[in-house]
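Colleague: Fold the following for me, if possible:
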Amino acid sequence: MAVKESPKPYLFTDGNTNTMDDYAKSIKRLKKPVGKIDVVLDTDTFNEVDDQFALAYLIQSDEKLQLKGIYAAPFFNHHSESPRDGMERSYDEIFNVLKMIGKEQYNNCVYKGSEDFLRDEQTPWDSDAARDLIRLAMEHDEENPLYVIGIAACTNIASALLLEPSIKDRIFVVWLGGLGFDWHDNRSFNAGQDVTAARVLLGSGVPVVLLPGRGVVDHFTTTGPELNYWLRGKNAFCDYIIDKTEREAAICNGEKMWSRPISDVTAVAWLLDDNFMLDRLEHSPVMEYDHLYSEDKRRLFIKYVYSINRDRLMNDLFTKLANL
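Modeller: Below is the predicted model of the structure:
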């Protein structure tokens, strides 16, 4: 890959030529699905703990969600030495979780993703994950899209869109990333890792449900006593994820009284039940390189989640994990 240069312009042109029919169509495409749907999960599974919760929850929700692919995404923090290392560790952790929950039949649909974040807004990272996403998307259409649950930097998703732009009419993306619209400090992890990919996704015209990390879904938290009361001793995965959550809280918090966000669960939950959260229509924001948003009312609509029913969703999550 080339050395990073100044950002190139969008490949996509959402906001430049949209008609009234385009706006109406974007609203129609954002309806919550009815019946069973095909989904893929894009995940930085080794990043901390909430991806493991989300993967197990997704698999336990097979009455509604038919899992077709699991993609390892890049990340870089205290659990990795580089974005590529983060992706490789996530790839291994996916198999670890599948073994613990007795769902190794999904091993053949796990793929490695991008080795680094996007260099610019026109150059994709070609990977097995991006290619599988394209393959599956081409088996779907606008009326019956492939649902992409993104709980990581959206590098793999943006790369697939750049490699094959026509899939924007065949997929529906539920992505957890970015700040809340009313949050003006710091940065979110998923969007902050690859702002370029976020700009590609949000500018592509793909139907997107945006679950902001900072200020919204980071309020979906649990605690040690709660985890131990409801999940300790239920199965190997529950004991594993409780211990891992406690260790992560000690690393990132260090307080005697701690709580830990397990935010990624909410991206799966949006597809399951209208009673888990509240959302509204918004014009797709422009993700800026300072991690904040610009507003462009010419852009197509997305769904923006602004509230989570924490107790109702936590009950569903714990019930499903205890029954693994």
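
Colleague: got the residue ranges for the helices in the stretch 51-200 of the chain?
Modeller: Secondary structure of the stretch 51-200 of the chain by DSSP state H, counting those that start in this stretch: the helices cover 83-100, 128-137, 155-163, 189-193, 195-202.

Colleague: Tell me which of these sits nearest to L321.
Modeller: Closest approach to L321 among these (C-beta to C-beta): helix 83-100, 11.2 Å. Placement of C-beta: from N, CA and C, glycine included.

Colleague: Name the residues of that closest one that are buried.
Modeller: By neighbour count with 16 or more other C-beta atoms under 10 Å, helix 83-100 contains the buried residues 83-91, 93-95, 97-98, 100.

Colleague: cool, stretch 268-281 as well?
Modeller: For stretch 268-281, burial by neighbour count (16+ other C-beta under 10 Å) applies to V268, A269, W270, L271, L272, F276, M277, D279.

Colleague: Now distance to I308 and mean pLDDT too, for the helices of the stretch 51-200 of the chain, in CSV please.
Modeller: Shown next, in CSV, are those (distance: least, C-beta to C-beta, whole Å; pLDDT from 0 to 100):
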stretch, distance to I308, mean pLDDT
helix 83-100, 23, 98
helix 128-137, 27, 98
helix 155-163, 23, 98
helix 189-193, 17, 90
helix 195-202, 21, 96
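
Colleague: Give me the neighbour count for L118.
Modeller: 26 (other C-beta atoms under 10 Å).

Colleague: For it, which non-adjacent residue is closest in space?
Modeller: Spatial nearest neighbour of L118, chain neighbours left out: T196 (4.1 Å); criterion: C-beta to C-beta, 6 or more residues apart in numbering.

Colleague: you'd agree the one you found is up against P124?
Modeller: No: using C-beta atoms under 8 Å, T196 is not in contact with P124, being 10.8 Å away.

Colleague: Strands along the stretch 101-250 of the chain, start to end?
Modeller: 110-112, 146-151, 171-176, 208-211, 221-222 (DSSP state E, counting those that start in this stretch).

Colleague: chain center to the first one: distance?
Modeller: So that's strand 110-112. Remark: strand 110-112 is offset 16 Å from the chain centroid, using C-alpha atoms, centre = their mean, to the nearest Å.

Colleague: average pLDDT across that strand?
Modeller: Rounded to a whole number, the mean pLDDT of strand 110-112 is 98.

Colleague: so what does it touch, helix or strand wise?
Modeller: Helices and strands touching strand 110-112, by 3 or more C-beta pairs under 8 Å, 6 or more residues apart in numbering; DSSP states H and E, are strand 65-72, helix 83-100, helix 128-137.

Colleague: Now do the buried residues in the shortest one.
Modeller: Along strand 65-72, these residues count as buried under the neighbour rule (16+ other C-beta under 10 Å): L65, L67, K68, G69, I70, Y71, A72.

Colleague: For the nearest residue to the first one once chain neighbours are set aside, grab phi and psi.
Modeller: Taking C-beta to C-beta, 6+ apart, and ignoring the residues beside it in sequence, L65 has V39 as its nearest neighbour in space, at 4.8 Å. The phi and psi values for V39, taken as degrees, to the nearest 10, are phi -130, psi 150.

Colleague: I'd assumed D194 was in contact with Y289.
Modeller: No: if you go by C-beta under 8 Å, Y289 and D194 don't touch, sitting 11.1 Å apart.

Colleague: Who has more neighbours out of these two?
Modeller: Shown here are Y289 and D194; by other C-beta under 10 Å, D194 has more neighbours (27 against 10).

Colleague: wait, what's in contact with that one?
Modeller: P74, F117, L118, A153, C154, T155, A158 (C-beta atoms under 8 Å, 6 or more residues apart in numbering).

Colleague: pretty sure the third one is touching V200, no?
Modeller: Okay, so that is L118. Yes: judged on C-beta under 8 Å, L118 makes contact with V200 at a distance of 7.1 Å.

Colleague: Please produce CSV containing the buried residues of stretch 268-281, extended by pLDDT and distance to A54.
Modeller: Output for the buried residues of stretch 268-281, formatted as CSV (pLDDT from 0 to 100; distance: C-beta to C-beta, whole Å):
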residue, pLDDT, distance to A54
V268, 98, 5
A269, 98, 9
W270, 98, 12
L271, 98, 12
L272, 96, 12
F276, 97, 13
M277, 96, 15
D279, 97, 18
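
Colleague: What about those, which are in helices?
Modeller: Applying DSSP state H to the buried residues of stretch 268-281, the entries found in helices are V268, A269.

Colleague: Next, the buried residues of stretch 23-32.
Modeller: Neighbour count says stretch 23-32 has K25, S26, R29, L30 buried, by 16+ other C-beta under 10 Å.
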